[in-house]
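Q: could you look at this predicted model? Sequence included:
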Protein chains: 2
Amino acid sequence: MRKVAIVGIGQTPVREHWENNLRDLAVTALRDAMEDAGVETVDGVCVGNMLSGALSEQEHLGSLIVDYAGLDGVEGMKIEAACGSGAAAIRMAVKAVASGLMDAVGVVGVEKLTEFSGKFSIASLATAADADYEITMGLSFVGINALMMRRYLHEFKYDKNDFSIFPVNAHHNAVQNPNAMFRYTITPAQYAKSKMIADPINLLDSSPIADGAAAVIVVAEDHIQRYQGKGVSILACEVGTDTVALDNREDLLWLKGVERSVKKAYHVSGLSPRDIDFFEAHDAFSIITAMSLEASGFAEKGKAIPFAEKKGISIQGGLPLNTAGGLKGRGHPVGATGVYQVVEAVQQLRGVMPEAIQVKKNNVAMTQNIGGSGATVITTILKKIE
Amino acid sequence: MRKVAIVGIGQTPVREHWENNLRDLAVTALRDAMEDAGVETVDGVCVGNMLSGALSEQEHLGSLIVDYAGLDGVEGMKIEAACGSGAAAIRMAVKAVASGLMDAVGVVGVEKLTEFSGKFSIASLATAADADYEITMGLSFVGINALMMRRYLHEFKYDKNDFSIFPVNAHHNAVQNPNAMFRYTITPAQYAKSKMIADPINLLDSSPIADGAAAVIVVAEDHIQRYQGKGVSILACEVGTDTVALDNREDLLWLKGVERSVKKAYHVSGLSPRDIDFFEAHDAFSIITAMSLEASGFAEKGKAIPFAEKKGISIQGGLPLNTAGGLKGRGHPVGATGVYQVVEAVQQLRGVMPEAIQVKKNNVAMTQNIGGSGATVITTILKKIE
């Protein structure tokens, strides 16, 4: 099995892109990543996307994007794992390169969510949950997360406002990220007054839907010298799963998919939570940030908030978290999110982030992309190549 | 890179399955394949599916199917490449096993199309084509194929009824396949009187939408001795692509995606068209069968019909074609079709087909799964292990 590395990154700003359609966004990010890597073609393209069929009436994105990117005849495939589609596509690229079947693979995560009626987007996003046993019962996707947060507050006796630490941090970092959607700070006082969406989840607990595309070029590490020192090693890109429906889980407050995914990632990389310099968590909702920190081995169960307060999650803290704004601040273009996380981690490891959000101890990064309410989890560990 | 083999197969009948939902069908086929292989678990599951989100309001099929199959925590991902999704999922499994990342991978292709209004299914199937440049112009998917057939008739001076050889053969074989949807013969006379769908494509040129699931277990060949002589080698599983929109092609009558895919497959297997004992072609429409035979190197351009007449495409012929009924006779549950083709080829190579459709010279099989009107093509070459 060959070792793999990322040698090129590209991204569009995360926005409401009224002027660009799905293929424009994807091709822009992919061509930028290819230019960054200095490659003129790739052996294959893996596309991470969830909702192009339902919203843009366009399936078959693999061949479509390959064609519009000028990669005539190259293999292209779409991978879907709900909000985890982006990192799932990276996982597929890792398999293709590790196997020796391909030497260089482009991965592009792309999603276009905002030009449709909100009601339609929300119904489409609910297809990440169990259609037969959750959605037809009247649960929305935010409702599912609200059940977890309500139980967490009850079980561990927190005040809801204690959760503000996560979105406040995310917005603080997003200000510095030119590709972020929400480039303004928020305060705990604003959080406390924020509009309720699905009690106890308020607007400032919730990452926004958005349009965007992000891309990486994955190559075999044997070939790394070609890429002018741009390489970052993929030490691990591992998947853990859990039941899609919440009612099938033994413990509502433990993300077993996260635990499984990080255990594999720590195992194959030979690392532990101590070795991680910063963490790009899947903060779709504040409750998921907290539960991810716990199941990833950073904090004990029920202790993510005191951990964040004590350890420090800012850029200068003990575990910088969501350094470019996370889903909350950068925005959550669903099938692209997992690729944005990895692109941002590569920016950190290369030391090219805007100075105010550049992590100083930047050798090892962990990113975590989650599909559904924890049913598919892909944890990626990346390391600077000296 | 490790060699890979198929050691287990499973399938549901292709029908209108009013009594079974998407996950039931998938789990039935996958568990049957696992039982056939004699394995109690797998390292990962690749799901081929096109339209679960649009029609069953269920995305995130990877984790869902893994969970309902009792494979708690196992990696599951959905791959989508329009009507080529099934074989695309096999391709992904080949990468996972060839890389050494996984030793055994389950592949399940599943589709549920018939319990929705026909209009809705047809609109969804059109998402395989170019949404912006074909579908919004008023073309339907059958309309796109009709343009190719009209041009073919004009260019090569055939009578439309000459095409009956393909569906007559497919229905003839389907009679013997207990899993086929249409178990009755048709005659050239019936073909000539068949209802027009999109001139010149008539009803008997068109494969039917259907529900069904098919599965295979892919393992590393090093481990083959465990599987009691059930193994069939995957000599090649190769992808070729072409533009999604017809108007971007240089030649309307040449499936460049097919040519690219088979050239790679012949190259990696070291074989040529002469070595193929039988061929499972993607006969979504009769015109695609003809053009596939040509671009695959069996017949010269414009000569598929005389080739079929002369060489013989029946079970006793020189190139048995669509031996279990093909898409036309077995039915076309879109994202499952590519896996059905491979399952049927394995049945042939094992020599366990019903006697009347068992091919006698059964060492090497070729299957070909096509997404859209030729934009994604996956050609698989399978060989008996002595």
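A: Looks like it came in fine.

Q: nearest residue to the residue of chain A found nearest chain B in space, please, no chain neighbours.
A: Shortest chain A-to-chain B distance, computed as CB to the nearest CB: residue-wise this is residue A:99, at 3.4 Å. C-beta coordinates here come from the backbone N, C-alpha and C atoms, glycine included. Beyond its immediate neighbours in the sequence, the residue positioned closest to residue A:99 (CB to CB, 6 or more residues apart in numbering or on different chains) is residue B:99, lying 3.4 Å away.

Q: now for that neighbour: which residues touch it?
A: Taking CB atoms under 8 Å, 6 or more residues apart in numbering or on different chains, we find residue B:99 in contact with A:1, A:95-96, A:98-101, B:1-2.

Q: can you show me the helices along chain A?
A: Counting by DSSP state H, the segments of chain A that form helices are A:22-37, A:52-56, A:61-68, A:85-98, A:118-125, A:141-156, A:165-174, A:188-192, A:256-269, A:286-295, A:304-311, A:326-330, A:334-350.

Q: could I get those as TSV with mean pLDDT and mean neighbour count?
A: Written out in TSV, the entries for the helices of chain A read as follows (pLDDT from 0 to 100; neighbours: other CB atoms under 10 Å in any protein chain shown):
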stretch	mean pLDDT	mean neighbour count
helix A:22-37	97	23
helix A:52-56	91	24
helix A:61-68	97	29
helix A:85-98	97	31
helix A:118-125	78	16
helix A:141-156	97	19
helix A:165-174	98	25
helix A:188-192	98	15
helix A:256-269	98	22
helix A:286-295	98	27
helix A:304-311	98	18
helix A:326-330	98	31
helix A:334-350	98	29
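
Q: would you mind naming what in the stretch 201-350 of chain A lies close to chain B?
A: Residues of the stretch 201-350 of chain A lying close to chain B by CB under 8 Å from any CB of the partner chain are A:239-244, A:248, A:256-257, A:260.

Q: domain ranges for chain A, per the record?
A: Domain assignment for chain A by automatic domain parsing gives A:4-117+A:210-232, A:129-208+A:236-384.

Q: picking up where we left off before, pick out the most distant pair among the contacts of residue B:99.
A: Using CB to CB, those reach their maximum pairwise distance at A:96 and B:2, which is 14.0 Å.

Q: before we move on, the earlier item: and the contacts of residue B:99, which is closest to residue B:198?
A: For those, the nearest to residue B:198 is residue A:96 (37.6 Å; CB to CB).

Q: tell me, how many residues neighbour the closest residue to that closest one other than its chain neighbours?
A: The shortest distance from residue A:96 to any non-neighbouring residue, by CB to CB, 6+ apart, is to residue A:102 (4.4 Å). Counted with other CB atoms under 10 Å in any protein chain shown, the burial measure for residue A:102 works out to 20 neighbours.

Q: wait, isn't residue A:102 in contact with residue A:95?
A: No - Residue A:102 is beyond contact range of residue A:95, at 9.4 Å (criterion: CB atoms under 8 Å).

Q: filter the residues of the stretch 201-350 of chain A next to chain B down to the buried ones.
A: A:239-244, A:256-257, A:260 (16 or more other CB atoms under 10 Å in any protein chain shown).

Q: max pairwise distance over the residues of the stretch 201-350 of chain A next to chain B: which two?
A: The most distant members of those, if one measures by CB to CB, are A:239 and A:248, lying 18.6 Å apart.

Q: could you export the buried ones among the residues of the stretch 201-350 of chain A next to chain B as TSV, including distance to residue A:191?
A: What follows is these, written out as TSV (distance: CB to CB, whole Å):
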residue	distance to residue A:191
A:239	33
A:240	31
A:241	32
A:242	29
A:243	31
A:244	30
A:256	29
A:257	28
A:260	32
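
Q: which member of those residues is positioned nearest residue A:130?
A: When those are ranked by distance to residue A:130 (CB to CB), residue A:244 comes first, at 4.6 Å.

Q: can you report phi and psi for the closest one?
A: Residue A:244 adopts backbone torsions of phi -70, psi -50, taken as degrees, to the nearest 10.

Q: what pLDDT does it get?
A: Confidence at residue A:244, expressed as pLDDT, is 96.

Q: same deal with residue A:229?
A: At residue A:229 the predicted local confidence, pLDDT, stands at 80.

Q: over to it: give its phi and psi.
A: Here is the backbone geometry of residue A:229 (degrees, to the nearest 10): phi 70, psi 20.

Q: any idea how many residues pack against the closest residue to it other than its chain neighbours?
A: The shortest distance from residue A:229 to any residue other than its chain neighbours is 7.9 Å, reached at residue A:385 (CB to CB, 6+ apart). Using other CB under 10 Å, residue A:385 is surrounded by 16 other residues.

Q: residue contacts, residue A:385?
A: Contact partners of residue A:385, counting by CB under 8 Å, 6+ apart, are A:5, A:224, A:229, A:231-233.

Q: and the domains of chain A as a markdown table, adding distance to residue B:212?
A: Listed next are the domains of chain A as a markdown table, based on distance: least, CB to CB, whole Å:
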| stretch | distance to residue B:212 |
| --- | --- |
| domain A:4-117+A:210-232 | 19 |
| domain A:129-208+A:236-384 | 19 |
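
Q: figure out which of the ones you listed is closest to residue B:311.
A: The closest approach between residue B:311 and any of the domains of chain A, judged by CB to CB, belongs to domain A:4-117+A:210-232 at 28.8 Å.

Q: and that closest one, end to end?
A: With CA to CA, to the nearest Å as the measure, the first residue of domain A:4-117+A:210-232 is 9 Å from its last.

Q: off-centre distance for it?
A: Its chain's C-alpha centre lies 14 Å from the corresponding centre of domain A:4-117+A:210-232 when counted by CA atoms, centre = their mean, to the nearest Å.
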